[in-house]
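Asker: When you get a sec, could you give me coordinates for this:
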Amino acid sequence: SADAPVKAGYSDVIDRLYSVASSQGIRDSDIGTLDDLGSGSSLTLAGYTFNSDVRDRANLELDVAEIEKQNDAFNFRAAKLMYENGGNSFKPDGSGGSIARTCASLSLQAESKMAGEPTYELYKSYFGSSTYAHEFVIEALDGSGMFNGTDGPFRSECATKGVQYQIIWMYILHELEDALEDCLSNDPENNAGGVLAVDEGWAFYAGISVGEDGQESGKMPYTLAEKRASDFGTLLGGKSSVNANLLTLWKKMSNAVSTLSCSSMRSDINEVVRLMSIPLYQGAIRYAYRADPNSGFGGGAKEWGEGWAFVYALLPLMNAANSGHAEFIKEQFDPSSADAPVKAGYSKVIDRLYAVAGSQGISGFDIGTLNDLGGDGTGGGSGGLSGGAIAGIVIGCLVLLVFLIAAGLFFMRRRQSQKNIENLNKSFDAERSTDALYP
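Answerer: Down below sits the predicted model:
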């Protein structure tokens, strides 16, 4: 092979060996860590090199991949078994053994781990439950509660994305809050296995599948940011600008924890919340357009479900920024609403999504413009532009038209005046000639 010997680099090869072994039921703890490499030093994911061994956290992505696979096939019972029981990520059980880390447990144990953390408290208050994310996923898997009577594709999208962008999304923030607490208490390794919480956060954000440079596709929020950046024109040097900025922040926080310099971590975590919200807004905008039956895309249960999953994941943040916009957007996707799916039209929904994002400090430049709406005729005759954009263009055209008409009239009148003066001069010259002939 032209790629031998190990031209991709040992780290990428080792990552894949651990990953495929896990798929065979062979745990990281079964294999152990090569002495040559030291604890955790072999693992780099999406540009971030870990200072502690958090491979088992990153392996949770393999559970998510199986949940998605079963949901896509509408095998909701199998998806639920993986969601509740796990099988690819393990943690110490306190007695020298290990137990499965499950996606369900991250939400079910939220109150005991996240109480007092600002973003978690905001979500718990809005939904009125500490296990709001688990309830969303279980109802989608069972077809109960808000999902009673909804179609399989709708349930499938919500069940998978509820895991990814509610449960795991919040747990990533928890790890950063934990890292801040550890830093303030001068004990950055105060975690299971002595790992660094800031490393755990990136492990859950990126997942095990993205590779050393982040070029491979995965199932965690990192990959969502890459996909939406391509959809919205927000790539930076071929990478998602969100991921580029988050990587810089994570490295900064890792250094802060290692040096016990915690003074800026609170503002850094707030910036992580802002940045991690951007792909969710992009997803909501994309599926506001695609779920609208009267758009160029044409709607469908799958698109409606994707839109509802993204909107639901944003509702507490949107409500805190502008409750009126949040309620309007919610009603356009909520399966129990007479206004769903997107009966007000995607343009009005997208306008409000941009507006409420702006109230959170997320600019239109941060979000970009959906390529579905890029003026290629897919936007229902308007190039897919939002109502505000269309209004601005129309007003601008009218102003330009009035200016052109006024300018035209001015030059016509000026030309007519010049002609009148020329005629008067000719008449005056003729009279002078006559006077000269007949004194």
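
Asker: switch to C-alpha atoms for all contacts and neighbour counts from now on
Answerer: Noted.

Asker: Retrieve the pLDDT associated with residue 40.
Answerer: With respect to pLDDT, residue 40 has a value of 41.

Asker: Walking through the stretch 201-350 of the chain, point out its strands one by one.
Answerer: Using DSSP state E, counting those that start in this stretch, the strands of the stretch 201-350 of the chain run over 235-236, 239-240.

Asker: out of those, nearest to residue 218?
Answerer: Closest approach to residue 218 among the strands of the stretch 201-350 of the chain (C-alpha to C-alpha): strand 239-240, 14.3 Å.

Asker: helices or strands next to that closest one in the packing?
Answerer: Secondary-structure packing of strand 239-240 (3 or more C-alpha pairs under 8 Å, 6 or more residues apart in numbering; DSSP states H and E): helix 221-232.

Asker: which other helices and strands contact the helix it packs on?
Answerer: Counting by 3+ C-alpha pairs under 8 Å, 6+ apart, helix 221-232 packs on helix 197-206, strand 239-240, helix 241-258, helix 265-291.

Asker: thinking again about what came up before, comparing the strands of the stretch 201-350 of the chain, which comes out most buried?
Answerer: strand 239-240 (a mean of 20; mean count of other C-alpha atoms under 10 Å).

Asker: hmm, who's touching it?
Answerer: For strand 239-240, contacts defined as C-alpha atoms under 8 Å, 6 or more residues apart in numbering pick out 225-226, 229-230, 234.

Asker: who's in contact with residue 289?
Answerer: Remark: with contacts taken as C-alpha under 8 Å, 6+ apart, residue 289 is in contact with 295, 297, 346-347, 350.

Asker: can you check residue 64 too?
Answerer: Each residue near residue 64 by C-alpha under 8 Å, 6+ apart is listed here: 83, 103, 160, 163-164, 219-220.

Asker: Residue ranges in the stretch 251-400 of the chain under the pLDDT threshold?
Answerer: 374-400 (pLDDT under 70).

Asker: all helices of it, in order?
Answerer: Taking DSSP state H, counting those that start in this stretch as the test, the helices found in the stretch 251-400 of the chain are 265-291, 301-321, 323-331, 346-359, 364-367, 387-437.

Asker: what number of residues lie near the residue nearest to residue 149 when sequence neighbours are not counted?
Answerer: Leaving out its chain neighbours, the residue that sits closest to residue 149 by C-alpha to C-alpha, 6 or more residues apart in numbering is residue 143, at 7.0 Å. Number of residues near residue 143 (other C-alpha atoms under 10 Å) recorded here: 20.

Asker: Was I right to think residue 143 contacts residue 154?
Answerer: No. Counting by C-alpha atoms under 8 Å, residue 143 stays clear of residue 154, with 9.9 Å between them.

Asker: on that earlier part again, okay if I get the strands of the stretch 201-350 of the chain as CSV plus distance to residue 279 and mean pLDDT?
Answerer: Shown next, in CSV, are the strands of the stretch 201-350 of the chain (distance: least, C-alpha to C-alpha, whole Å; pLDDT from 0 to 100):
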stretch, distance to residue 279, mean pLDDT
strand 235-236, 12, 94
strand 239-240, 10, 96
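
Asker: can you list these in a markdown table and add distance to residue 312?
Answerer: Below are these laid out as a markdown table (distance: least, C-alpha to C-alpha, whole Å):
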| stretch | distance to residue 312 |
| --- | --- |
| strand 235-236 | 26 |
| strand 239-240 | 23 |
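
Asker: Next, work out how far apart the residue nearest to residue 327 when sequence neighbours are not counted and residue 276 are.
Answerer: Leaving aside its chain neighbours, residue 327 sits nearest to residue 319 (7.5 Å; criterion: C-alpha to C-alpha, 6+ apart). Distance from residue 319 to residue 276, counting by C-alpha to C-alpha, to the nearest Å: 17 Å.

Asker: These two - which one has more neighbours?
Answerer: residue 276 (22 against 16).

Asker: so the more buried one touches residue 244, yeah?
Answerer: No. Using C-alpha under 8 Å, residue 276 is not in contact with residue 244; the gap is 11.7 Å.

Asker: Residue 237: how many residues sit nearby?
Answerer: With other C-alpha under 10 Å as criterion, residue 237 counts 8.

Asker: so how far is residue 229 from it?
Answerer: 11 Å.

Asker: and residue 262, what does it touch?
Answerer: Neighbours of residue 262 in contact, by C-alpha under 8 Å, 6+ apart: 180, 183-184, 256.

Asker: ditto for residue 131
Answerer: By C-alpha under 8 Å, 6+ apart, residue 131 lies in contact with 107-108, 110-111, 124.

Asker: Which members of those residues are the farthest-apart pair?
Answerer: Longest span within the contacts of residue 131, C-alpha to C-alpha: 108 and 124, 12.5 Å.

Asker: Which residues are in contact with each of those two?
Answerer: 130-131.

Asker: Spit out the contact partners of the closest residue to residue 258 other than its chain neighbours.
Answerer: Closest residue in space to residue 258, ignoring its immediate chain neighbours: residue 188 at 7.2 Å, by C-alpha to C-alpha, 6+ apart. Residues in contact with residue 188 (C-alpha under 8 Å, 6+ apart) are 179, 182, 196-197, 257-258, 260.

Asker: Same question for residue 344.
Answerer: Taking C-alpha under 8 Å, 6+ apart as the definition, contacts of residue 344 comprise residue 332.

Asker: so how far is residue 338 from it?
Answerer: Separation of residue 344 from residue 338 (C-alpha to C-alpha): 11 Å.

Asker: circling back: so for residue 201, which of the strands of the stretch 201-350 of the chain sits nearest?
Answerer: Residue 201 lies closest to strand 239-240 among the strands of the stretch 201-350 of the chain, at 18.5 Å (C-alpha to C-alpha).
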